[in-house]
Structure formats: structure tokens, C-alpha cells
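Enquirer: Provided below for reference: sequence and predicted model.
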Amino acid sequence: MLDAISRVLELSEVEHAHLVRLAQPKRPQRRPGPPRHQVRPEIRDLLAALEGVPAYVWGPRTDVLAWNQTASALFGDWAARTSANRNWARITFLDPASRTLFPDWEAKAYDVVGQLRLGAGLHTDDPSLASLVGELSLKSEDFRRLWATHDVKKKTHGIMRLSHPLVGELTLRYETLALPGDPEQLLSTYHAEPGSLSEEALRLLASWGADAAQERAAAAQ
């Protein structure tokens, strides 16, 4: 029956899986607990080894859990944010700078909401996720509008355009991978077409990010 409904509604594979989860009988003893925020040291080492390629780890609430310097240079100084504000949903809907950084802001916002709803379907008993949805519903009319569509989205791969205040326009390809041993933590990486202006812009950002990290380390001594 669910397969037939999916065909009639022309649901995507992700939307069909979400529908199946919602239709399953509730079994409290088998529900997954709240998503973990700890990132294994080996994964942090991997992020450092990927310097030059923006990469970060994030979870079902769209919290950014770990990142490398190049990712921070590309998307903003995450180290300067509080842990609660290292969250793509809050950044997208509550930080006005996101509308400049992402020229295709509406598409970015749709993807973030779809991913957040997917996480909500997996973690129905996560109070932090419910609180986040409530906060965004109160503070953002755009979030309320998109949340009401009930669409789900799983970030996999694609192309993203950015307008960076230091290096200008970039067109990047992204890949999102589930981490072995903790599939609810996702690794996202971004790369440019070889020989493109975006590749040169990424090199400049990587160099700038390394310099900024050295300055922070020197100031902390």
C-alpha cells in the first residue's frame, strides 16, 4: 500500500523511506536515542589531512560538529560562534549574512529544512531538535513556510554557488558521506573544477585560513 501511495504521489526514494518510517508501529524500546555530538579523534585527523579541501562533520540537527580551517574560511569563522550557533538551520534562517553568501538562498533553505525534517523523523524524542524547530518557527517566517511543506531531503552530492566576501563568486561540487561506525554523522566536502577560477579562489581561502589559524595560536600563547 505504501509503495502504491508513493507511486501516485511521485515520492522520491528519500521521501518514500520517510513515509515508511512514519507508518511503522511505535516501539519505544527500539527508538534511537538523541544523536551524539562526539567526533572521533581519527575523523578530526582526517579533516586536518584534507586541508585545502573544505570539509566538516555534521549531525541530524544540522549541527556542525567538527571542521577544518579551509571550511571555516569558506563558510565563516565557526570557532567564533557558540556551539549552539554552529548550526546550519540557525545560520541559514537567522543570520542575514547567509543570504549574501548563498546566491541561491531559497534552494539552500529548502535543503536545510528538508534535512532537518528527515532528522526529526529519525529522532522523534530528541528535545533539542524539537526546541530548535520551535525556535526557528517563532523567529523566521521563511522557516515556517518551508517547514509547512513537510518535504524531506537527504544531502548527497551536487553543485553549490557561493558569493564570498573575500574571493567573490565560487561554484563548488559537494559530496556527503556517512561516517563508518556512526552513520548519523555526515562528512561533507567541497571541491572546484580543476583549472577553474573557483579552484584558485579555494587555494586563496586555504592560505588565508592557515594564516588566521596561526595568528589565533600565537595569540593564545
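Expert: That came in fine, so what should we check first? What you see is a predicted model; the values in this text were computed from it and never measured.
Enquirer: Enumerate the positions of the strand ranked longest in the chain that are buried.
Expert: Secondary structure of the chain per DSSP state E: the longest strand is strand 168-179. Of the residues in strand 168-179, 170, 172, 174, 179 count as buried by neighbour count, 16 or more other C-beta atoms under 10 Å. C-beta: built from backbone N, CA, C; applies to glycine.
Enquirer: can you put these in TSV and add pLDDT and distance to residue 148?
Expert: Listed next are the buried residues of strand 168-179 as TSV, based on pLDDT from 0 to 100; distance: C-beta to C-beta, whole Å:
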residue	pLDDT	distance to residue 148
170	97	32
172	97	30
174	97	27
179	92	32
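Enquirer: now those as CSV including distance to residue 137?
Expert: Shown next, in CSV, are the buried residues of strand 168-179 (distance: C-beta to C-beta, whole Å):
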residue, distance to residue 137
170, 32
172, 30
174, 28
179, 30
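Enquirer: Just give the number of residues close to residue 95.
Expert: Close neighbours of residue 95, defined as other C-beta atoms under 10 Å, add up to 14.
Enquirer: what does the one 10 residues further on give?
Expert: Residue 105 sits with 15 neighbouring residues when counted by other C-beta under 10 Å.
Enquirer: and stretch 132-150, how far from the chain's centre?
Expert: Counting by C-alpha atoms, centre = their mean, to the nearest Å, stretch 132-150 is centred 17 Å from the centre of its parent chain.
Enquirer: Stretch 182-201 too?
Expert: That offset, for stretch 182-201, works out to 13 Å (C-alpha atoms, centre = their mean).
Enquirer: Quick one: name whatever helix or strand follows the strand or helix carrying residue 114.
Expert: Element membership of residue 114 [criterion: DSSP states H and E] is helix 105-122. Next helix or strand after helix 105-122 toward the C-terminus (DSSP H and E): helix 127-139.
Enquirer: For that following helix, name the packing helices and strands.
Expert: On a contact count with 3 or more C-beta pairs under 8 Å, 6 or more residues apart in numbering; DSSP states H and E, helix 127-139 meets helix 88-94, helix 105-122, helix 141-147.
Enquirer: Report the buried residues of that helix.
Expert: So helix 127-139, judged by 16+ other C-beta under 10 Å, has buried residues 129, 132-133, 135-136.
Enquirer: Could you check the angle the very next helix or strand once past the longest strand of the chain makes with strand 168-179?
Expert: Reading on from strand 168-179 to the C-terminus, the next helix or strand found by DSSP H and E is strand 182-191. With axes from the mean of the first three to the mean of the last three C-alpha atoms, to 10 degrees defining the directions, strand 182-191 sits at 150 degrees from strand 168-179.
Enquirer: Please state the offset of the helix holding residue 114 from the chain centre?
Expert: Here helix 105-122 is found 9 Å from its chain centre; the criterion is C-alpha atoms, centre = their mean.
Enquirer: when you give positions from now on, start the count at 33
Expert: Happy to do that; since the first residue is 33 now, the last one works out to helix 137-154.
Enquirer: Output the contacting helices and strands for it.
Expert: Against helix 137-154 (3+ C-beta pairs under 8 Å, 6+ apart) you get helix 45-55, helix 120-126, helix 130-133, helix 159-171, helix 173-179.
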